[in-house]
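A.B. asks: Just need the structure, nothing else, for what follows:
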Amino acid sequence: VELVPGAELVAGQAETIPLAGGSVDVVFVGEAFHVFDGAAAVAEIERVLRPSGKLVLLWNVPGGATDPSVKAAERLLLERAPDVPYDPVDLNTRRYWSGEWRAAFDGSGFGELHEVRLSNPQTIDREGLVAFYASMGWFSELPDEERPALLDQVRSLLPAEVYRRRWETRAYWTRFTGRKERPARDAAARSPTGLTD
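C.D. replies: Now for the predicted structure:
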């Protein structure tokens, strides 16, 4: 909001966006699409986009080892993390890597998904790295009294002042065409002969 003083913040979810139909030119999703109800989110994004509107999805994924090593801190966090459907010490998720999130676009009104991969190295100090770990979704669900002690333990396992993390940014974009196409497998399933044109 500071950078765009005229912007209005509204609370909502990807599956129920509190905006009028056809009211936005671009929807940008960073580090989140893999946790949405994909089909419901795609339908809702289609609803709010104007014709030819764009959708951009972004993930930062590990692009190599952190230097110096953070393995001891991550081992501690992995021991303390609950069973979650994502990597509890990183932003990437099993669902992103599996590609399951792409299925939500089958038969949608979006065109082809385009992809670009960009090297995204990061130099971060100890407190920035601790803040990164504290930003994991599961961490906020710990009881208030447990979080500071766990963060202190993490700090004790991060002796360096500065860390170099190697990330790769994966950006995907597509355009809303408004035309919904049935996937070939669905068309074949409905055909009495199993053949499609």
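A.B. asks: for Y163, what are its contacts?
C.D. replies: By CB atoms under 8 Å, 6 or more residues apart in numbering, the contact set of Y163 is T66, D67, P68, V70, T123, I124, D125, R126, L129. The C-beta positions use only the backbone N, C-alpha and C, and glycine is treated the same way.
A.B. asks: Okay, and the beta partners of it?
C.D. replies: I124 (DSSP bridges).
A.B. asks: Begin at 657 from now on, thanks
C.D. replies: Got it, the first residue is 657 from now on, which makes the last one we talked about Y819.
A.B. asks: buried subset of the contacts of Y819?
C.D. replies: T722, V726, R782, L785 (16 or more other CB atoms under 10 Å).
A.B. asks: So E768 is in contact with Y828, correct?
C.D. replies: No: here E768 lies out of contact with Y828, judged by CB atoms under 8 Å, at a distance of 10.1 Å.
A.B. asks: What strand or helix carries I701?
C.D. replies: For I701, the element it lies in under DSSP states H and E is helix 694-704.
A.B. asks: Looking at the buried ones among the contacts of Y819, spot the one nearest W757.
C.D. replies: Nearest to W757, judged by CB to CB, of the buried ones among the contacts of Y819 is T722 at 25.7 Å.
A.B. asks: is it true that that closest one touches R822?
C.D. replies: Yes: the pair formed by T722 and R822 meets the contact definition of CB under 8 Å, at 7.4 Å.
A.B. asks: Quick check: buried residues in the helix holding I701?
C.D. replies: G694, A697, V698, E700, I701, E702, V704.
A.B. asks: Helix, strand, or coil at the closest residue to G686 other than its chain neighbours?
C.D. replies: If the residues on either side of it in the chain are set aside, G686 comes closest to L714, at 4.7 Å by CB to CB, 6 or more residues apart in numbering. Under DSSP: H, G, I helix; E, B strand; the rest coil, the three-state class of L714 is strand.
A.B. asks: Spit out the contact partners of L714.
C.D. replies: Counting by CB under 8 Å, 6+ apart, L714 has contacts F684, V685, G686, E687, T825, R826, A827, Y828.
A.B. asks: Of those residues, grab the buried ones for ChimeraX.
C.D. replies: To isolate in ChimeraX the members of these that are buried, counting by 16+ other CB under 10 Å, one can use:
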select :685,687,826,827,828
